[in-house]
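Trainee: please find the sequence and the predicted model below.
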Amino acid sequence: MSSLKDLARECGVSVATVSKALNGQHDISDATRARVREAAERLGYVPNMAARSMKTNRTYNLGVLFVDERQSGLSHEYFSAVLDSFKVRVERLGYDITFINRNLGGKTMTYLEHCHYRGVDGVVIACVDFYDPQVVELVNSDVPVVTIDHVFNNRMAILSDNVNGLQALVRCAYANGHRRIAFIHGERTAVTENRLAGFYKICAELGLEIPDVYVREGVYHDADRCAEETKFLLSLPQRPTCIIFPDDFSALGGYNAIAEAGLSIPEDISVMGYDGIYLSRVVKPELVTYQQDTTMLGRTAADKLIQMVEHPRITLAEQVLVTGKLLTGRSVKHI
């Protein structure tokens with residue numbers, strides 16, 4: 001394996017110049033930087049991470065705290081897309097990732113203990129019970145933390161624009177003539193609270209009076225639960241003309257319940273989803289949904305976390321809002 005000295009000898013420059021070229025410093029010429037990097041690739045140079053860690057006091061390892069109580073794991077298309085974007089970005093910036101958990105080789109430890117054990121430089125937190133005492137302990141510790149879709153005081157948070165997402169869906173339904181709009185939301189989380197706020201706000205602006213019975217509590221990523229809530233809505237004396245589901249996967253439960261009732265989408269009732277995953281594009285009829293920008297969510301989380309790790313004194317905790325877009329489909333009828 002080639003060393004910095006080998007690269008310096010190959011390029012006819014000093015070891016310091018090689019180091020600057022590989023670390024992206026700008027006090028050398030572009031030509032020199034390009035020549036050093038070409039030689040590094042040709043000679044198969046790989047940085048010595050142990051030496052790098054000693055020099056910078058960093059491990060170049062970031063933790064990922066991801067706990068999916070629905071047991072769908074990384075098959076959960078929304079979160080897997082966010083985390084994949086995060087992974088691609090941090091690897092491009094020279095970092096590895098480690099999944100944080102409570103068990104290591106049969107030994108139980110807290111999330112914070114695992115972070116210290118692995119020596120991670122920082123942690124991104126997604127899809128967990130944010131009120132879990134161990135999560136709160138980690139957030140309030142000395143470990144730099146970025147949360148996704150949840151806000152803690154004075155901590156970095158990357159948020160999908162759930163308020164505008166729900167408003168976009170309601171506006172779409174309203175523009176197609178729907179006035180009886182039901183909303184099956186997920187379990188009570190910060191995401192749900194924002195979506196409910198967006199739903200009620202836009203309904204008020206449009207002059208829509210939504211009966212309490214039209215707003216149902218489902219469970220994210222649970223098609224069976226959403227099927228039950230759909231059946232309830234269909235049984236009402238004056239059923240809604242359009243149902244908004246908590247996510248695209250759960251909307252499958254609605255599709256099944258509507259079919260079992262002998263009804264058709266969108267001829268008899270219109271439906272909408274949320275997330276904009278691939279499934280929404282292939283289900284029949286194609287689902288009208290709001291697509292969250294998973295690539296930007298993951299990339300922004302990576303950039304902000306690495307900023308906190310590398311420039312802790314000048315990186316301010318902030319809430320970064322990431323917008324998405326409405327995806328059209330054939331699941332909403334104009335009435």
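Mentor: Good, I have the coordinates. All of these numbers come straight from a predicted model, not from anything done at the bench.
Trainee: what's around Val90, how many residues?
Mentor: 25 (other C-beta atoms under 10 Å). Glycine gets a C-beta too; all of them are placed from N, C-alpha and C.
Trainee: before we move on, what about His311?
Mentor: His311 has 9 neighbours, counted by other C-beta under 10 Å.
Trainee: also the one 5 residues further on?
Mentor: If you count neighbours by other C-beta under 10 Å, Leu316 ends up with 8.
Trainee: tell me which helix or strand it sits in.
Mentor: Counting by DSSP states H and E, no helix or strand carries Leu316.
Trainee: for Ala31, see how far away it is.
Mentor: To Ala31, Leu316 is 37 Å away according to C-beta to C-beta, to the nearest Å.
Trainee: need the contact list for Tyr111.
Mentor: 65, 100-102, 134-135, 137-138 (C-beta atoms under 8 Å, 6 or more residues apart in numbering).
Trainee: just give me the least confident of these.
Mentor: Among the contacts of Tyr111, Arg102 carries the weakest pLDDT, at 87.
Trainee: isn't that one right up against Tyr117?
Mentor: No - in this structure Arg102 lies outside contact range of Tyr117 using C-beta atoms under 8 Å: 11.7 Å.
Trainee: show me where the protein has its strands.
Mentor: Under the criterion DSSP state E, the chain contains strands at 61-66, 96-99, 103-104, 107-108, 122-126, 145-148, 156-160, 181-185, 215-217, 242-244, 270-272, 289-291, 319-322, 325-327.
Trainee: just name the most buried of those.
Mentor: strand 242-244 (a mean of 29; mean count of other C-beta atoms under 10 Å).
Trainee: now it: how far from the chain's centre is it?
Mentor: Remark: strand 242-244 is offset 24 Å from the chain centroid, using C-alpha atoms, centre = their mean, to the nearest Å.
Trainee: tell me the strands beside it, with direction?
Mentor: Strand pairing for strand 242-244, determined by DSSP bridges: strand 181-185 (parallel), strand 270-272 (parallel).
Trainee: could you list the low-pLDDT ranges of the chain?
Mentor: The chain contains residues with pLDDT under 70 at 1, 47-57, 69-75.
Trainee: grab the most central residue of it for me.
Mentor: Val82 (4.1 Å; C-alpha atoms, centre = their mean).
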